[in-house]
Structures are given as C-alpha cells and as structure tokens.
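K.L.:
Make a model of this:
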Amino acid sequence: MKTVADAYNALITPHLDPKAPKIPFYSTVYGTQVDDAPTFGPKYWQDNMENPVLFHTAVSKMVEDLGQDVAHLEVGPHSVLAGPLRDIYKEMGQTVLYTSLLVRGKDTSEAFIEALGKLFCFGLKPHIPVSSRAITLPDLPSYPWNYEATYWSETRIMADWRFRKHRPHELLGVRILENSDLEPAWRKMLKIADLPWLADHCVGKDIVFPAAGYMAIAGEAVCQLTEAKSYTLREVHIASAMLLTDNKTTEIITTFRKKALTSTLDSKFYEFSISSYNNGQWTKHCWGMVAGGCATALPAPKVETYPRNVETKRWYKTMSRIGLNYGPRFTGLEEITTSVVHKTAAVKVTDKQHEDESQYPLHPTTLDLILQSWAVASVGGEYRELVQLFLPTFVEEFYVGEAANKSIRVNTVNTGVLGTALGNSYGVADGEVVYSLKGFKGTKVENSIQKFRDLKALELQWHPDFDSCEIDKLMRASGDSTADLEILERMYVLCAIEAQDKLSRAVCTQPHYGFYRSWLDRELERYKQPSLPLVPDSADLVAMRSELRGKAIEELHERSRNTKVYPPVEAVRRVCSRAVDIVEGRTGLLDVLLEDGLLAQFYDWFNDLSDIHDLFQVMGHSRPYLRILEIGAGTGGTTARALNSLKSQSGERLYQSYTITDISAGFFAQCRERFQDEASIQYQVLDISKDALEQGFEEGAYDLIVASNVS
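P.N.:
Numbers count the residues shown, from 1 in each chain. All right, here's what the predicted structure looks like:
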C-alpha cells in the first residue's frame, strides 16, 4: 500500500467532505475516540489502509469510556466479531449486551427482526426503517391446476432412493432399499483411504476394526430409525476380529429387527447383527440389542480423582509392549489418576469430531478410549503390571449420550479378579452423566503379540535434595555474552537519542507516554557523561547528526543479523522507528513487537542468557507434585524451559499442575499451540496489580511462583 499511498491520497481528496460524528466514534486506526471533522480527511483513510487495525485497543477504550450501560449492534453480513468482542469483555471483567443484524446461513428477514427484538429486550427503542414505496399485491390470481389425476408412476424402491432420509454414513453406509421397514438393513463398502483414523487402531501389525466401531454402527442405525440423539446397547457380543488392509474394500452389512416380547408385542429394543463379506465368505462379527434414547438408570454425576498420577506418553508406550500400537486418534487418555488401594481409575477424554467425518453422539475413538480406561484401572496405573493383552468380547449394557466435542471425566472400576477382564464405567460432562457402561468383559489373548524383556537388575537414580542445595549454585549464566550486550547497548543508546528527538514534537495520547518522554530526556543527560561502561563514547553519539546516527543504527542492525542478539536489536530498532506512531495512538507497542513473531524471539533470547535447568530438576525430583503458577508467561519462553526441566530421565513430568497466566488472554492462543503436547497445563487471566483472590485464584494453592520478565 505504501507504494501507491500518495496516489491514493490524491484520488480520494476531491471526494471527501468530512463531518463530525453525531454519536461517539471510536477509531480502529488510532485506537481512541475521534470527534472532530478534520480528522476524517484523506490522511485518515490512507492510515486506515497502511497501518494495523487496532480493534482490541478501540473496543477496550470504548468499553472503558461507556461502561456496561450500552448495547453493541454489529452491522454486517455475519456476527464475525462476536468471538473477539466476548474475549475483550471477559478480559475487562465487563458484561456488555450484544447482537448482530445478520447471521450466516440464517434467513435475513428473520435475523434482522430477531436483532430488533433483542434490542427491545435490552431496554432500547430502535427506529425501524420503513419504505414509503413498499406495496403488497393481495389479489393475484392463483395458478389453475387439476389435482384429481396422477401422472407420475414409480416403484417403492425408486421413491425411497429419491427421498432418502439420511445421507451415507462413514461406518453404517446407506439403507438397502430392497429391505422392508420391519427388518431394515444397511450396506457399507469400507475403505481405509476413506476413513484414515481407522488405521490408528493397530493390534500388533494388523489394522483391526475397533469394538467401539460396531457399537457406533448400531447406535447410528437406531438413531436413524427413532430420530433419537442417544442410544442404549444391551448384551453386545463381539465374536471375531475384522482385519482391514490399505488396498482392499470390505463390504459390511448391518441388519435390524424388533425384539419380540410376545407373539403380538414388540420391545422398544432392536436386535442387530453386523457381518462382513471377505474372500468369498460371510463373517458375523457382532450382535446384540439396541434402543434409541436412555433405557437404563444412570449413576450420580460424581467426578473422581485419585492420588497416583499416570503419565500419558509412558502409558501408551507400555500398551505398545503388549501389542496395542495405537496411532494419534486412539491415544487420547489425559490426566490419568488411579487409586493406590482399589482398582479404579479417573481420566479425561475429549470427544473430537472433524467436519469432514460423519457426526456421532460420541465418536468411536472416544468409545474406544472409554474401554481403554479399564486397562488403567485393572493394574492400578502400574506400568510394570500391564503384561497381558485383553480384547473386548461382551458388554452387558452401554448408554451413550450426546456429548459431541465435549471433555468428559471418566470414572472406571475393574470388578474382576486377577487374570479376568470385568469392569464398569461412567462419564460426566457439564455436570451430567453422558455415558454409562456396565458389565464390560474382555478375553485374554494368549501368546502376547510383543513380549518385552524381563528386567534382570534394578537401576537406582540419585538426585540432590532441594532443601540441602545452595540455590544460587543451581542458576548460572549460560556463557559470556559481553560482546552481544555491547552491540545491544550501543543500539539502545543510539535509538534512545533518536526517539527523544522525534518525540519532542509528538502529541502524547496517553499520560504515561508523557512520563516516558520525560524519562528519555533524563537518559539523554546521562549519556552526555562518559559513565556508560559498554558505550564509553555516548557523549559523541549525542552530538552526532541525526543522519549519521541513522547510518550507525543500520550498520549495527546488519552486524547483528544472523546472530543470537538480533531479536533484541531488531526490537529496539523497530520501536524507535515507530515511536511517534505509538505515542500518537496510531499503533500499539504490542502490535509492533508481535509482528513476525519478534516478541517470542526476544523472550527466547533473554531466557537463553541464564541456565535454570538444574533448579527446576532439583525441585521436581524433591517435590514431584509441584503446583506451579507463572505470572506474565507471555509467549511461553520461560515456560518452555521450565517444562523441559521438569521431566525425569524416562520422560515423566515432575509437577502436578502448571498454571500459565497473563494480563491478557491474547497470549494464550500461542501458548496453547506451543504446549499442546504437555499435560496438566491450565490458562487463566491474571492482573497482578490487583487482588488475585478476587480474580478467582485460591489462597495457598501453589507451591512455586515463577515470574520472568515481569515488572
């Protein structure tokens, strides 16, 4: 845009006649309220095209000025700003009324009228636009047509084909048209290429169709028949495994019929059977009964946690030793805890349904994770005890509720004696029971697929105790950084002198910018004295002409390129070049530093100056159940180093929970992506200048407070 800025300015100038706003106008160009007409001249619209959009800054200022006694109405083709606005309200601790005139995918008239209705409910009286030229024609004649004779003839099968009620399902397939409604059936031509997530369910070297897949097929079929959103399975038998290959299609047939109670009365349950055709013969894999909705008494929605923590990665590594070589879609057990007395386990699973896949009340991968939780409970979370492979063969009763894309707290108990697979389980989401499993049974697989070596010796690891260590010796400088700091200090002095000169003529839009300018004035006086150890010629730099200082800044910038000190050098140079825009409100400091990921690189450089590995290692080994709170985590530079150090030699985490905080939730998205593979990470907004208890934090709830680059 900068290449055509002058031409753009000249073209729009003749067409503009700026007027002062009649209502408060908050500009996303300057991030503040604008109320005078000259501001909306050609320069404003040029800045609007060239500079970043300060939406967050402008809305925050508007909410701060106007408070909660207003309503926000979005005028546009969709409520695209609803999410960002909600985040800003939450960040500021405000509750602001909001609605949108139009919503994508919704009838425009209905959406418009609904928005007006909400405004009335908000206590406002909107002026409804009315056209004086709008007319209605009530007396148009109807089209003549003779409905007494029918000229269309087709068979039942053709009609059913044209008016299918349900689209093809990725596991169930489509209804077989030749069957009647009394005994419906479905056919599916199954290919791994169409359902790549099935390839993640490997037993040994084979891709095996999961037992949870059969249950999901029966559930989808009964939901199509009854239009229910949930289902209940009973007396489900899994008799033989269905092996899948990458280059082969498997035909699956699912048949249903009503369960007869008497010669004239049917049950609400259907009897189902799932078979496949392969190599010239049919194989019956699964059969049982299923009904739409909930047909069982549910337990109380109680969420349990237990004292023994089980590391997710190590658990799945242990499962692979007995032949369960699961891929990413089947390795979703999180926050695993078990009792040290009873064979019980508590885990968290998150139902993940992708847009390009068929939708389920609960995805088959989620149902499989529920069945997996029995293995954790059966050995009490002890990795070394998991030495036998069991595969599901029978389920007495399984209610599956609607909990798509929700996080579920799973509670599972092993009810069998040693060497048998029996168990019950239930899950809670949003305070409600979303599934209940009773009478799960598994059958032992002899000659375990992958035997692991027997340990012949016990290896002891010795680590220092935190209370016996000298803390100052656990933290040290990473190396001699004097040369880098000389470059950075010289760049800082040159840019500070330049910024002081530029800002002397700037109009400060915030009081603290005035304090900053006064501080720069005092810094300039300090530079005139030969007292800076890393920049002894600072007085000469003050006396230097601005053009020469600019060349010196560029030379230092090029000199630092491809070196470790480049991020802070670039940050100082960038802030200097945009100092006037920042002070006059055309952009924000964070907007400048976040561009191209510079702020994260700056934090990484700063954190590399010191080595804190030993400190966190010793603390983690001495107290492996640390509850840690980090203040002002930013982009997660210190967090990454702490989490890497809080791990044992075998990869187990040495903390119970790690809470990442910052004054704005804007940083959390980057941190969530960066630490998505780490366990027990929590995120919460915290303004440390205010009472933490009033912001939802509990007194005495943390063992360690981390505060790096925080002032």
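
K.L.:
Quick check: which ranges of this structure have low pLDDT?
P.N.:
Applying pLDDT under 70 to the chain picks out residues 418-419, 447-459, 711.

K.L.:
tell me which residues in the lengthiest helix in it are buried?
P.N.:
In terms of residue count, the longest helix belonging to the chain (DSSP state H) is helix 482-503. Neighbour-count burial for helix 482-503 flags 484, 487-500, 502-503 (criterion: 16 or more other CB atoms under 10 Å). Every residue, glycine included, has its C-beta placed from N, CA and C.

K.L.:
The next helix or strand after it: how far from the chain's middle?
P.N.:
Using DSSP states H and E, the helix or strand that follows helix 482-503 in sequence is helix 511-527. Offset of helix 511-527 from its chain centre (CA atoms, centre = their mean, to the nearest Å): 42 Å.

K.L.:
swap in stretch 657-672?
P.N.:
12 Å.

K.L.:
which residues are contacting that stretch?
P.N.:
Here stretch 657-672 makes contact (CB atoms under 8 Å, 6 or more residues apart in numbering) with 56, 87, 90-91, 600, 627-636, 639, 642-643, 646, 675, 678, 680-688, 702.

K.L.:
Mind doing that once more with 6 Å?
P.N.:
With contacts defined as CB atoms under 6 Å, 6 or more residues apart in numbering, stretch 657-672 is touched by 87, 91, 627-636, 680-687.

K.L.:
ok, now stretch 411-425?
P.N.:
304, 343-346, 370, 373-374, 377-378, 390, 426, 437-438, 440-442.

K.L.:
what do you get for stretch 331-348?
P.N.:
Contact with stretch 331-348 is made by 304-310, 312, 316, 349, 369, 373, 376-377, 380-381, 409-414, as judged by CB under 6 Å, 6+ apart.

K.L.:
Among these, name the buried ones.
P.N.:
Taking 16+ other CB under 10 Å as the criterion, what is buried in the contacts of stretch 331-348 is 306, 309-310, 312, 316, 349, 369, 373, 376-377, 380-381, 409-414.

K.L.:
Could I get the full set of strands for the stretch 151-300 of the chain?
P.N.:
Using DSSP state E, counting those that start in this stretch, the strands of the stretch 151-300 of the chain run over residues 174-175, 185-190, 202-203, 206-208, 231-238, 243-244, 250-260, 266-278, 281-292.

K.L.:
I'd like to know which of the contacts of stretch 331-348 are part of strands.
P.N.:
Counting by DSSP state E, the contacts of stretch 331-348 place 308, 309, 310, 349, 409, 410, 411, 412, 413, 414 in strands.

K.L.:
Bridged to the last one, which residues?
P.N.:
So the one you mean is residue 414. With DSSP bridges applied, residue 414 shows beta-bridge pairing to residue 423.

K.L.:
what does the fourth one give?
P.N.:
When bridges are taken as DSSP bridges, the partners of residue 349 come out as residue 408.

K.L.:
okay, now the domains of the protein?
P.N.:
Residue ranges for the domains of the chain, per automatic domain parsing: 2-121, 167-292, 308-444, 477-605, 613-707.

K.L.:
Highest mean neighbour count out of those domains?
P.N.:
Compared across these, domain 308-444 shows the largest average neighbour count, a mean of 19 (mean count of other CB atoms under 10 Å).

K.L.:
Distance to residue 464 added to the strands of the stretch 151-300 of the chain, as TSV?
P.N.:
Conversion of the strands of the stretch 151-300 of the chain to TSV gives the following (distance: least, CB to CB, whole Å):
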stretch	distance to residue 464
strand 174-175	66
strand 185-190	57
strand 202-203	42
strand 206-208	48
strand 231-238	52
strand 243-244	52
strand 250-260	58
strand 266-278	59
strand 281-292	56
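
K.L.:
Go through the ones you listed and name the closest to residue 536.
P.N.:
Checking those against residue 536 by CB to CB gives strand 202-203 as the closest, at 67.0 Å.

K.L.:
Give me the three-state assignment for residue 661.
P.N.:
Here residue 661 is recorded as strand under DSSP: H, G, I helix; E, B strand; the rest coil.

K.L.:
Leaving out the residues flanking it, which one is nearest to it?
P.N.:
residue 686 (3.7 Å; CB to CB, 6 or more residues apart in numbering).

K.L.:
Next, that neighbour: phi, psi?
P.N.:
phi -140, psi 120 (degrees, to the nearest 10).

K.L.:
go on, the one 3 residues further on?
P.N.:
When read as degrees, to the nearest 10, the backbone of residue 689 gives phi -80, psi -10.

K.L.:
Next one: it from residue 293, what distance?
P.N.:
Separation of residue 689 from residue 293 (CB to CB, to the nearest Å): 53 Å.

K.L.:
do you know how far residue 146 is from residue 140?
P.N.:
20 Å.

K.L.:
same thing with residue 102?
P.N.:
Using CB to CB, residue 102 is found at 30 Å from residue 140.

K.L.:
And for residue 37?
P.N.:
For residue 37, the distance to residue 140 - CB to CB - is 51 Å.

K.L.:
And residue 32, by the same measure?
P.N.:
Per CB to CB, residue 32 is found 55 Å from residue 140.

K.L.:
just residue 399 next, same as before
P.N.:
55 Å.

K.L.:
for residue 433, same thing?
P.N.:
57 Å.

K.L.:
Check residue 297 too.
P.N.:
Counting by CB to CB, the gap from residue 297 to residue 140 is 60 Å.

K.L.:
ok, back up a step: now distance to residue 231 too, for the ones in strands among the contacts of stretch 331-348, in JSON lines please.
P.N.:
Formatted as JSON lines, the ones in strands among the contacts of stretch 331-348 follow (distance: CB to CB, whole Å):
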{"residue": "308", "distance to residue 231": "34"}
{"residue": "309", "distance to residue 231": "34"}
{"residue": "310", "distance to residue 231": "31"}
{"residue": "349", "distance to residue 231": "19"}
{"residue": "409", "distance to residue 231": "21"}
{"residue": "410", "distance to residue 231": "19"}
{"residue": "411", "distance to residue 231": "21"}
{"residue": "412", "distance to residue 231": "20"}
{"residue": "413", "distance to residue 231": "23"}
{"residue": "414", "distance to residue 231": "25"}
